[in-house]
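A.B. asks: Can you look at this prediction? I've put the sequence above it.
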Amino acid sequence: MSLYSYKVDNLMNDLGGCGLLQKLLCVITHVAIILAAWSVLGMAFIGYDPGFTCRILNIEATAMSFINASTISTHRLCSVGTYSTCSSYQFSPKMNTIVSEWNLVCDKRWVVAVVTSVQMAGVFVGNIVTGPLADSIGRKPSLIINVLLLVVFNFIAYFIQTWEVYAVIRFLIGIGAGIYFTVAFPLMVEFVPSKLRPIAVCFPSEPIAAMLFAFVSFWLHDWRSIHLLKTLIGIPILMTLCFIPESFRWLISKLKFERADQTISFVANVNRVIKPDIDGLFEAAQKEIAATSTENISPFSLTILWSNKDLRKVTVPLTIPWQVQVSFK
C-alpha cells in the first residue's frame, strides 16, 4: 500500500467511518436505483402482450367457398393459411401496453424484441462511456447527467406516438441507466471505509426495486402512466443529487486540492467530528501522481482491460456474469 492510500484510509476513519453523511449517501444511492431499475425493467410490462382477438378477418374471394368463417376462432388469430389475414385487432382493456396501442402482434410481434434489444444496446453504450466520462468531469456531474437523461426521456416517452421513435427513446433511456449502474456505486464507496464497502454495495436494492415495479405495473396498467411516474420520482432524486459532495478522492487525483479540502470539511461537519489533520495528504498524492506520470502510462480506455494477461483473467470472468444479467433483464 502506498503512503497516499494509507493516508486516505486513515482519513476515512478519522472522518467518522460510517457517519451520518455515509449513511445518507448510501440511502440516496440505493433509493435512486429505483429510477434506473424501473427504466431498464420497463419493457417487462410495457412490451407485454395483453391478449387479442381478430376483429376484422379479410378473406380472399377465391377462398370463400371452402372457408367456413363461423367455425374459426378469433382468439389470437393472425391468419387462416394464405387466404385470409386479420387487419384489425381487439385487445384486453385491462392493460394498455405498446403492444395493444400499436398493434405489435402477428407480423409485427418482432418489434418488442427489437425495442428491448435497442434499449440494452443503450445500457451497453452507457456502461462503456461512463468510466472515461466520470474520470474526466467527475463522479457527481456524471451521476446528475444520468438522472437528467432518465427524467427527460421518460417524460418524452409519455407523448410518443410511433414505435420507431419510441425505440430511439428506449436507447437513450438505456444510456442513462447504464451510466447510473456504472458511476453511482463508485461515488458511494469512495466515501465508505474499505471494511464496510461490501455491505454498502451488496444491499439488494435492485431486486427490491424490481418487486416494487411489479406492484406499480399491476396498479397502473398503463405504459404511459408508468413513464410519467418515473419522471415524477426522478425529479426529487435529481434535486437531491445536486447537494451531495463530489468524491474528494477524484478531486485529489485531479490535483484539485482546494475543492478536496472543502469536501473533507463538509464531511466532517455533517458527521459532527473535528476535521482531521490532512497535512501531508496532498503532498503524498502529488508525489504519487508525479511518479506514475513519469512511467508513460497511456490514458485509461476500454482497451486497457485486455492489455495484459493478468487484466484479461479478471475482465473475462466479470464480463460473463454481466452478459448473463443483461440477458435475464
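C.D. replies: That came in fine, so what should we check first? Residues are numbered from 1 along each chain as shown.

A.B. asks: where in the stretch 151-300 of the chain is pLDDT low?
C.D. replies: Low-confidence regions of the stretch 151-300 of the chain, defined here as pLDDT under 70, cover residues 292-300.

A.B. asks: For residue 15, which non-adjacent residue is closest in space?
C.D. replies: Distance criterion C-beta to C-beta, 6 or more residues apart in numbering; nearest residue to residue 15, sequence neighbours excluded, is residue 267 at 5.1 Å. Every residue, glycine included, has its C-beta placed from N, CA and C.

A.B. asks: got a list of what the one you found touches?
C.D. replies: Contacts for residue 267 (C-beta atoms under 8 Å, 6 or more residues apart in numbering) come out as 15-16, 19, 21, 191, 245, 248.

A.B. asks: I'd like these written out as JSON lines, with distance to residue 284 and secondary structure added.
C.D. replies: Below are the contacts of residue 267 laid out as JSON lines (distance: C-beta to C-beta, whole Å; DSSP: H, G, I helix; E, B strand; the rest coil):
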{"residue": "15", "distance to residue 284": "17", "secondary structure": "coil"}
{"residue": "16", "distance to residue 284": "22", "secondary structure": "coil"}
{"residue": "19", "distance to residue 284": "24", "secondary structure": "coil"}
{"residue": "21", "distance to residue 284": "24", "secondary structure": "helix"}
{"residue": "191", "distance to residue 284": "20", "secondary structure": "coil"}
{"residue": "245", "distance to residue 284": "21", "secondary structure": "coil"}
{"residue": "248", "distance to residue 284": "14", "secondary structure": "helix"}
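
A.B. asks: Mind checking which residue lies nearest the centre of this protein?
C.D. replies: The geometric centre of the chain, computed from its C-alpha atoms, lies nearest to residue 177 (C-alpha atoms, centre = their mean), at 2.1 Å.

A.B. asks: Strands of this protein, residue ranges please.
C.D. replies: In the chain, the strands defined using DSSP state E lie at 52-59, 79-80, 84-91.

A.B. asks: Just give me the lowest mean pLDDT stretch among the ones you listed.
C.D. replies: Summarising mean pLDDT across those, the least confident stretch is strand 79-80, with a mean of 64.

A.B. asks: May I ask which of the contacts of residue 267 has the most neighbours?
C.D. replies: Neighbour tally across the contacts of residue 267 (other C-beta atoms under 10 Å): the maximum, 27 neighbours, falls on residue 248.
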